[in-house]
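1. Requesting a structural model of the entry that follows:
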Amino acid sequence: MDLFSKQYNRLFYLISFVIIVAYACIQVSYFLEIPEPRLFPDSNRYLKLTTSSGNEFNPNEGVTTPLMPLIYKLLGKNLKIIAYAQLFVSICSWTFLGFAIARSLKSIWLMPLVYITILTLSLSDIISLWNSTILSESFSLSFFACFIGAWIIIVPKISLKRFLALIAISILFGFLRSINAYIVLMIGGIIAMIGYINQKGKGRHYYILLQIVFIVVFIMSNKFSDSGNHWTSYTLNVFSTRILPNQEYRAYFEKHGMPVNENLLARTGKIYYEDDFAYYKDPKLEQFRNWLYLHGKSTYLRYLLTHPRYLLLKPLHDLQDMLFSSRLIYYAPKGFILSPPGKLFDAVSAWGLYPAYIFFTGILVGLNIVFTLSKKSTASWVPLIMIFLVYPLAAIIWHGDSHEIDRHVLPVVVQARLGFVLLLLLTIDTIISESHLCSMRENKY
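-> Model prediction:
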């Protein structure tokens, strides 16, 4: 019987290996169809290809986080090399996530299913299109996969090596994009808190140290975001498209010192860079600029905290559109073609299935809460926290900017889809393992 089991185990490992190789071949073959990586204004900012002269103006001079320029500098600012590096890291990261989930299963024969599901997710357009786009999304999503994979490995049993690996991944992920610091603090912080409560003995101090690291990453990331003028572009977008058009909202800010005149009202609905950066250059808006730099952000935060209805419910109106946006394809480079597995995953997670997605997510959440509380699936804590934090994180992003929300909310969209997939896989594994255990008990008696 043992020999029979070992042979089947080897078969499942072999099938999984074949799936990984096929996945890598698909990624590389479709990647090679793209003639040139695609650049955007933010790409030039990261690469520092543009220089400011006396006749130029760039309110976004500098970066919100320091890691992307450092990575690009290490790669020699060579666009081809950067794109290949993004592809390589993506393949390794999503394969690692598949490995982390597979090793946490009780039913080894589910291993091929895990790799097929996770790797197919990474072939969907919301992930694969970024590998040849010179922006922070590809590295960010790859390190997010590593971040979740590391947690799935750590939750059942924490050790010094796993602890140090998670610290390294969290720092890299947290400093890639501003929103990542919120993900590290909220997802990582809550899971670490649960781990501390459930952990007995010496392992508890690891979770305390993790909490401290997550807080430091969050604070430092926000310090970088506040440096220079970069934050003003996001705030101006919000003011222009949400505050100025609404008399009630506008009155609150006017009451708190915001100078309102015809020139400011003429900016209603316009993005910060329109009309040759008029928000920054128009001398008739100088009083508004002075107020913005000194009090704009603090007044906006005070408004959100004192208007909980707006804070909590307003983003809900756009949630479906944020989670199922079809506009991300705009960022795809020329020659990008979605692979058949990617098309299949996108069809399963299409906009029209939103009600079914919510319904089945509720069922899976309920089952996994039971599994975690009964100690039948400790790894389920990870996707549960991911799902519970989808809306809070989406709301933070919605309130942070009103322009290119589709791109900004991308990590949360991937978080929602990955959380659903993990809940589904862990549910199948727990039900099968429990059924097998019951059968063994019945045969014994």
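
2. For Gln211, pull up the helix or strand it's in.
-> With secondary structure defined by DSSP states H and E, Gln211 is part of helix 204-226.

3. contact partners of that helix?
-> Helix 204-226 is contacted from outside by 63-66, 158, 160, 163, 166-167, 170-171, 174-175, 178, 180-182, 184-185, 188-189, 192-193, 195-196, 199, 231, using CB atoms under 8 Å, 6 or more residues apart in numbering. C-beta here means a position set from N, CA and C on the backbone, and glycine is covered the same way.

4. for that helix, which positions count as buried?
-> Residues of helix 204-226 classed as buried under the neighbour-count rule (16 or more other CB atoms under 10 Å) are 206-207, 210-211, 213-214, 217-218, 220-221, 224-225.

5. May I see those residues organised as a markdown table, with distance to Arg302 added?
-> Putting the buried residues of helix 204-226 into a markdown table (distance: CB to CB, whole Å) gives the following:
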| residue | distance to Arg302 |
| --- | --- |
| Tyr206 | 37 |
| Tyr207 | 34 |
| Leu210 | 32 |
| Gln211 | 28 |
| Val213 | 30 |
| Phe214 | 26 |
| Val217 | 26 |
| Phe218 | 21 |
| Met220 | 24 |
| Ser221 | 22 |
| Phe224 | 23 |
| Ser225 | 19 |
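
6. Dump these into a markdown table; add distance to Met258 and pLDDT as well.
-> Conversion of those to a markdown table gives the following (distance: CB to CB, whole Å; pLDDT from 0 to 100):
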| residue | distance to Met258 | pLDDT |
| --- | --- | --- |
| Tyr206 | 47 | 92 |
| Tyr207 | 44 | 92 |
| Leu210 | 41 | 94 |
| Gln211 | 38 | 93 |
| Val213 | 38 | 95 |
| Phe214 | 35 | 95 |
| Val217 | 33 | 93 |
| Phe218 | 29 | 93 |
| Met220 | 30 | 90 |
| Ser221 | 28 | 88 |
| Phe224 | 26 | 81 |
| Ser225 | 22 | 75 |
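
7. Show me how to select, in PyMOL, the buried members of the contacts of helix 204-226.
-> A single PyMOL command suffices to select whichever of the contacts of helix 204-226 are buried according to 16+ other CB under 10 Å:
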select buried, resi 63+64+65+158+163+166+167+170+171+174+175+178+180+181+182+184+185+188+189+192+195+196+199+231
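
8. Among the contacts of helix 204-226, which ones are in helices?
-> For the contacts of helix 204-226, the ones inside helices are 160, 163, 166-167, 170-171, 174, 178, 180-182, 189, 192-193, 195-196, 231, with DSSP state H as the criterion.

9. residues near His317, how many?
-> The burial metric for His317, expressed as a neighbour count using other CB atoms under 10 Å, is 9.

10. Same check on Lys255?
-> Count around Lys255 with other CB under 10 Å applied: 9.

11. what do you get for Ser435?
-> 11.

12. Same check on Ala356?
-> Ala356, neighbours per other CB under 10 Å, totals 9.

13. so which of the buried residues of helix 204-226 would you say is closest to Gly366?
-> Tyr207 (26.4 Å; CB to CB).

14. export the helix or strand of the chain with the lowest mean pLDDT as CSV, just CAs?
-> Of all helical and strand segments in the chain, the minimum by mean pLDDT, DSSP states H and E falls on helix 41-47, at a mean of 77. What follows is the C-alpha trace of helix 41-47 in CSV, where atoms were taken according to Å, rounded to 0.1, in the frame of the first residue of the first chain:
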residue,chain,number,x,y,z
PRO,A,41,4.6,59.1,-18.5
ASP,A,42,5.1,57.3,-15.2
SER,A,43,7.6,55.0,-16.9
ASN,A,44,9.8,58.0,-17.8
ARG,A,45,9.5,59.2,-14.2
TYR,A,46,10.7,55.9,-12.9
LEU,A,47,13.4,55.7,-15.5
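
15. Going by neighbour count, which residues of the lengthiest helix in the chain are buried?
-> In the chain, taking DSSP H as the definition, the longest helix is helix 410-444. In terms of neighbour count (16+ other CB under 10 Å), helix 410-444 has its buried residues at 410-427, 429-430, 433.

16. what's the angle from it to helix 160-174?
-> Relative orientation of helix 410-444 with respect to helix 160-174: 150 degrees, computed using axes from the mean of the first three to the mean of the last three CA atoms, to 10 degrees.

17. what's helix 410-444 packed up against?
-> Under the contact criterion of 3 or more CB pairs under 8 Å, 6 or more residues apart in numbering; DSSP states H and E, helix 410-444 touches helix 111-122, helix 125-128, helix 137-154, helix 178-183, helix 319-323, helix 354-373, helix 381-388, helix 390-400.

18. Which one of those helices lies nearest to His295?
-> helix 390-400 (17.5 Å).

19. so the closest one versus helix 354-373, what angle?
-> Going by the same axes, to 10 degrees, helix 390-400 makes 120 degrees with helix 354-373.

20. can you list the residues that contact the helix or strand that helix 390-400 is followed by?
-> Per DSSP H and E, the first helix or strand lying C-terminal to helix 390-400 is helix 405-408. Contacts to helix 405-408, defined as CB under 8 Å, 6+ apart, come from residues 137, 179, 318, 322, 325, 327-328, 331, 397-398, 400-401.

21. quick one on the thing from earlier: give me the distance between the least confident helix or strand of the chain and the centre of its chain.
-> How far helix 41-47 lies from its chain's middle: 20 Å, per CA atoms, centre = their mean, to the nearest Å.

22. buried set for the following helix or strand past it?
-> On the C-terminal side of helix 41-47, the closest following helix or strand by DSSP H and E is helix 67-74. Along helix 67-74, these residues count as buried under the neighbour rule (16+ other CB under 10 Å): 67-69, 71-72.

23. what is the mean pLDDT for helix 67-74?
-> Summarised as a single mean, pLDDT over helix 67-74 is 87.

24. What are the contacting residues of it?
-> Under CB under 8 Å, 6+ apart, the answer for helix 67-74 is 46-48, 63, 82, 85, 136, 139, 172, 175-176.

25. helix or strand right after that helix?
-> Note on helix 67-74: by DSSP H and E, the next helix or strand toward the C-terminus is helix 79-103.

26. Which strands or helices does that next one pack on?
-> Identification of packing neighbours for helix 79-103 by 3+ CB pairs under 8 Å, 6+ apart yields helix 2-31, helix 67-74, helix 111-122, helix 137-154.

27. Could you name the stretch from the ones you listed that's closest to Phe388?
-> Between Phe388 and the helices and strands packed on helix 79-103, the shortest separation by CB to CB is 14.3 Å, and it involves helix 137-154.

28. what's the closest of the helices and strands packed on helix 79-103 to Gly257?
-> helix 67-74 (35.4 Å).

29. buried residues in stretch 11-23?
-> Those would be 12, 15-16, 19-20, 23, for stretch 11-23 by 16+ other CB under 10 Å.
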